[in-house]
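Novice: below: sequence and its predicted model.
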Amino acid sequence: MILTIDPEYPQPYQINRVAQCLRDGGIIAYPTDTTYGIGCSIFNKKGIERIYRMKERERNKPFSFICSSLSEVTRYARVSNVAFKYLKRYLPGPYTFVLEATRDVPDLLLTRQKTVGIRIPDNRICTDLVLALGNPIITTSANLSGEEPVGDPIVIDRTFGNQLDYIVDGDILMTDVSSVVSLVGDAPIVLRPGLGDVSWCEK
């Protein structure tokens, strides 16, 4: 089902409707500040497994997830003082930051190095959803693995429609991806350039 939500002033009753769906184990497509993502609650193990199957994604590639605030990030990741300065400066924004995970992160989302990728997109719909749900949601681009990201809810519906509980329509979006930056070590390391400027990582 395609559900339209105002990207600038998300209607609280619509946000709560989708959050309840996530709470009940649902899977949704939703807008971010880059392109559309597919997700579920990070504590929905069956949902995560379903998303792996939907996307035909390799199981050795854990999903990143979206937090609503820096304080929520510190619950799920170990953030040094240096890392916190980068997070505060560049979030919300089109970045995925890789950090050392805490024990609160489900095993399905951990890399072999016990790290996680965390986002706070500059998009009110997805951050309002996380707030309403009360915990982070999975984020992975709304496409089959190996294909280009999708920025049109109608195309997402054609590809995944019957496998999604809601497709949250927040308008047509670009098809860029976030820049992925590791903050595990002493200096930021670019793992994947994307929409977010990463020239600061070279300083």
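Specialist: Received, thanks.

Novice: the residue nearest to residue 45 when sequence neighbours are not counted: what's it in contact with?
Specialist: Nearest non-adjacent residue to residue 45, counting by CB to CB, 6 or more residues apart in numbering: residue 108, 6.4 Å away. For glycine as for every other residue, the C-beta is placed from the backbone atoms N, C-alpha and C. Applying CB atoms under 8 Å, 6 or more residues apart in numbering, we find residue 108 in contact with 45, 48-49, 62-63.

Novice: ok, of the residues you listed, which come out buried?
Specialist: Among the contacts of residue 108, those scoring as buried are 48, 62-63 (criterion: 16 or more other CB atoms under 10 Å).

Novice: which of the residues you listed has the weakest pLDDT?
Specialist: Across these, the smallest pLDDT goes to residue 62, namely 93.

Novice: SS state for that residue?
Specialist: coil (DSSP: H, G, I helix; E, B strand; the rest coil).

Novice: give me the number of residues near the closest residue to residue 62 other than its chain neighbours?
Specialist: Spatial nearest neighbour of residue 62, excluding adjacent residues (CB to CB, 6+ apart): residue 109 at 5.1 Å. Look at residue 109: counted by other CB atoms under 10 Å, it has 20 neighbours.

Novice: return the residues in contact with residue 109.
Specialist: Per CB under 8 Å, 6+ apart, neighbours of residue 109: 42, 48, 62-65, 101, 116, 138.

Novice: now do the phi/psi pair for residue 150.
Specialist: Main-chain dihedrals, residue 150, degrees, to the nearest 10: phi -120, psi 130.

Novice: identify the residues contacting the longest strand seen in the chain?
Specialist: Longest strand in the chain, counting residues (DSSP state E): strand 95-101. Contacts with strand 95-101, where a contact means CB under 8 Å, 6+ apart, come from 64, 73, 76-79, 83, 86-87, 91, 109-110, 114-119, 178-184, 191, 196.

Novice: now do residue 7: how many residues are near it, please.
Specialist: Neighbours of residue 7 (other CB under 10 Å): 15.

Novice: excluding its backbone neighbours, what's nearest it?
Specialist: With CB to CB, 6+ apart, the residue lying closest to residue 7 is residue 170, at 4.3 Å.
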